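[1] Curious how this folds, go ahead:
(one chain, ligands or ions: 3)
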Amino acid sequence: MRAAYRVADVRSAEAALLATVPPGALMARAAAGLARRCGQLLSERGGRYGSRAVLLVGPGDNGGDALFAGAELARQGVRVSAVAVVPDRIHAGGLAALRSAGGRLADEALSAPCDLVVDGIVGIGGVGPLLGRALALVGAVTAVPASAGGPVVVAVDLPSGVSADTGDVPGPAVRADVTVTFGCLKPALVVGPAAELAGEVELVDIGLGPFVRAEPAVRVADDGDVRSWWPVPGPQSDKYLRGVVALATGSVTYPGAAVLSVGGAAAGPAGLIRYAGAAREQVLTRHPQVIAATRVADAGRAQAWVCGSGLGSGARAIADLRAVLATPVPVVLDADAIAMLVDGAMAELLRARRAPLVLTPHDGEFARLAGAPPGADRVGAALRLAAWTNAVVLLKGSRTIVASPDGQAWANATGCAALATAGAGDVLAGLLGSLLAAGLPPVRAAVAAAYAHGLAGRAAARVGAVTATDLVTALPTVTGSLTAPCR
Ligand SMILES: NC(=O)C1=CN([C@@H]2O[C@H](COP(=O)(O)OP(=O)(O)OC[C@H]3O[C@@H](n4cnc5c(N)ncnc54)[C@H](OP(=O)(O)O)[C@@H]3O)[C@@H](O)[C@H]2O)[C@@H](O)CC1
Ligand SMILES: Nc1ncnc2c1ncn2[C@@H]1O[C@H](COP(=O)(O)OP(=O)(O)O)[C@@H](O)[C@H]1O
Ligand SMILES: [K+]
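    Ligands and ions are numbered 1, 2, ... in the order given. Sure thing, here's the model as predicted:
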């Protein structure tokens, strides 16, 4: 698990650490890690000696990091020039180090082609959209991406122009190929549109870890986490002990949603799938192992229910949702089931529930339920909805967020834009239901489902254009690999 911390918590940890080290030591550690990575990138692009690097140097310590790293690169034979965002406010020690190593202060950014741009405009001290010369410099950096022969862009700590605590991008911002961040991750590196601007994130250890006392703002699961959580059958298992998942999804109008959600469930760890709904025939044609009924009341017992994907909102859908909510087992509510919560008609049933509830809204469904879209602070918004509904909220998007009523938030790092295809959410809901049925607690089930779903999207995208059916095809290999012993 990786953890990202808010700026205020990073500052507190930094203050505690600073009291234990000589002045300048932290910046030296940060700059050494930054220079190491920049040097590697230059080596990969044809060599350090004689290459050109431009440092964009803001007025704070972020600029200081860039200058000290630039000094180290200059000592290695890189021709380094620095451009000050505010010429009369530049880190004096850093500038002196750069000059004594042979680097220079330039008036204009990128007046000649260069191999590397180091974005030291702002880091965790950035507030709001970039202003003044900082804004103009961002335009110059983003003109030609590295993939089109432009310089490789390395952001110092964070890409300048992003909101560190929320991952919002309130205006023009640097798009980095690599972000070298110090001490710990910040939320903008893992959530929201900012995370897409960070490129590959390298965390440099500056000794901050033991001084970070706060709870993480956001957690990110890795392969090891998901592997260790994923339920695996043992010698004593039978289909019931592995868990029974039931789905009330699809309708006469949207039978495909039923087929897709059952397909997602089939890739999960549950030992038996029940289906209840109007798409019984279509489900059985694609998934003959399913035990199918037409109504929830006739479906039989399950350890978890999934309800809502393609369900519609007529009288039949309302009755089925009521029946699902009345069960004493974990429930996933997706799509139309979320919409049916809006008018409050289900409030009493929801209040009476003791078993976990997981809501899987996309932004539109979130807005209907919460009364407003998630906005700039997606983690905060998901946490508020989770607290208000007493449900785990899986807020879908390019960095899907899982938020729990007790204030824990996770961001998913495996997704890819190919998942933005009709029916992908149905597949996710089914997989999530299967994990719940197999006994995984709701936060872990939601995090693990989003993780595997994202990997399936990537696997399918390697083959070609991705449909939700391709996700169903790709998922068993992904989930199988998550349960295979590590080699
Ligand atoms: N924490 C740690 O452990 C370590 C931290 N380290 C490093 O320190 C960095 C933090 O440094 P920091 O505190 O000096 O703030 P920083 O990001 O340089 O920005 C402040 C300056 O930017 C300006 N500015 C702000 N917003 C702006 C805008 N929208 N548009 C334009 N300008 C804007 C603002 O201007 P002002 O408002 O003062 O006029 C102010 O002068 C951190 O990210 C990391 O790189 C490492 O060295 C070691 C370990
Ligand atoms: N730009 C994106 N990058 C990565 N994943 C995305 C992006 N847009 C959507 N997704 C994912 O695609 C899925 C779409 O689900 P959803 O909106 O419910 O679609 P549907 O209702 O058609 O099934 C979600 O898992 C979501 O996280
Ligand atoms: K920066």
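[2] need the residues of the protein near ligand 3, please.
    Asp119, Gly123, Ala155, Val156, Ser160 (Cβ under 5 Å from the ion). Bear in mind the C-beta positions are built from the backbone N, C-alpha and C, glycine included.
[3] With respect to ligand 1, which of those is nearest?
    Nearest to ligand 1 among those is Gly123, at 1.9 Å by Cβ to the nearest ligand atom.
[4] From Val427, how far off is Gly480?
    16 Å (Cβ to Cβ, to the nearest Å).
[5] swap that for Trp410, please
    Distance from Trp410 to Val427, by Cβ to Cβ: 19 Å.
[6] what's the answer for Glu281, then?
    Going from Glu281 to Val427 by Cβ to Cβ gives 20 Å.
[7] what does the stretch 251-400 of the chain have sitting close to ligand 2?
    Applying Cβ under 6 Å from any ligand atom, we find that the stretch 251-400 of the chain lies next to ligand 2 at Ala335, His362, Lys396, Gly397, Ser398, Thr400.
[8] residues contacting the third one?
    The reference is to Lys396. By Cβ atoms under 8 Å, 6 or more residues apart in numbering, the contact set of Lys396 is Thr360, Pro361, His362, Asp363, Gly425, Leu428.
[9] Would you report the backbone torsion angles of the closest residue to ligand 1 within the stretch 301-450 of the chain?
    For the stretch 301-450 of the chain and ligand 1, the shortest gap (Cβ to the nearest ligand atom) falls at Ala376, measuring 14.8 Å. Backbone torsions of Ala376, given as degrees, to the nearest 10, read phi -70, psi -30.
[10] how deep is it tucked in, by neighbour count?
    For Ala376, the neighbour count with other Cβ atoms under 10 Å is 15.
[11] same thing with the one 4 residues further on?
    Around Gly380 there are 18 other residues, counting by other Cβ under 10 Å.
[12] Find the closest residue to ligand 3 in the stretch 1-150 of the chain.
    The nearest approach of the stretch 1-150 of the chain to ligand 3 comes at Asp119, 4.5 Å away (Cβ to the ion).
[13] ok so that residue is a strand residue?
    Yes. Under the criterion used here (DSSP: H, G, I helix; E, B strand; the rest coil), Asp119 sits inside a strand.
[14] just use 54 as the starting number from now, easier for me
    Sure thing, new numbering starts at 54, so read that last one as Asp172.
[15] For it, list each beta-bridge partner.
    As for beta bridges, Asp172 partners with Leu109, Ala208 under DSSP bridges.
[16] my guess is it contacts Asp210, does it?
    No. Using Cβ atoms under 8 Å, Asp172 is not in contact with Asp210; the gap is 9.3 Å.
[17] quick revisit: pLDDT for the residues of the chain next to ligand 3 - can I get that in JSON lines?
    Formatted as JSON lines, those follow (pLDDT from 0 to 100):
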{"residue": "Asp172", "pLDDT": "96"}
{"residue": "Gly176", "pLDDT": "98"}
{"residue": "Ala208", "pLDDT": "98"}
{"residue": "Val209", "pLDDT": "98"}
{"residue": "Ser213", "pLDDT": "97"}
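[18] Of the residues you listed, which is the nearest to Leu126?
    Nearest to Leu126 among those, counting by Cβ to Cβ, is Val209 at 13.0 Å.
[19] How about the contacts made by the closest residue to that closest one other than its chain neighbours?
    Take Val209 and drop its neighbours on the chain: the residue closest to it by Cβ to Cβ, 6 or more residues apart in numbering is Gly173, 4.4 Å away. By Cβ under 8 Å, 6+ apart, the contact list for Gly173 reads Leu108, Leu109, Val110, Gly111, Asn115, Gly116, Gly117, Asp118, Ala119, Leu120, Val209.
[20] Up against ligand 1, what does this structure have?
    Taking Cβ under 6 Å from any ligand atom as the measure of proximity, the chain contacts ligand 1 at 63, 67, 79-80, 83, 111-116, 118, 175-185, 187, 209-210, 235-236, 259, 261.
[21] Can you name the element that comes right after the helix or strand hosting Leu484?
    Element membership for Leu484 (DSSP states H and E) is helix 477-490. Next helix or strand after helix 477-490 toward the C-terminus (DSSP H and E): helix 495-516.
[22] packing partners for that next one?
    helix 276-282, strand 410-413, strand 445-448, strand 454-456, strand 462-464, helix 477-490, helix 521-536 (3 or more Cβ pairs under 8 Å, 6 or more residues apart in numbering; DSSP states H and E).
[23] what comes up buried for that helix?
    495-514 (16 or more other Cβ atoms under 10 Å).
[24] Ok, stretch 367-378 next?
    The neighbour-count check on stretch 367-378 (16+ other Cβ under 10 Å) flags Arg369, Ala370, Ile371, Asp373, Leu374, Ala376, Val377, Leu378 as buried.
[25] Same question for stretch 131-140.
    Going by neighbour count (16+ other Cβ under 10 Å), the buried part of stretch 131-140 is Val131, Arg132, Val133, Ser134, Ala135, Val136, Ala137, Val138.
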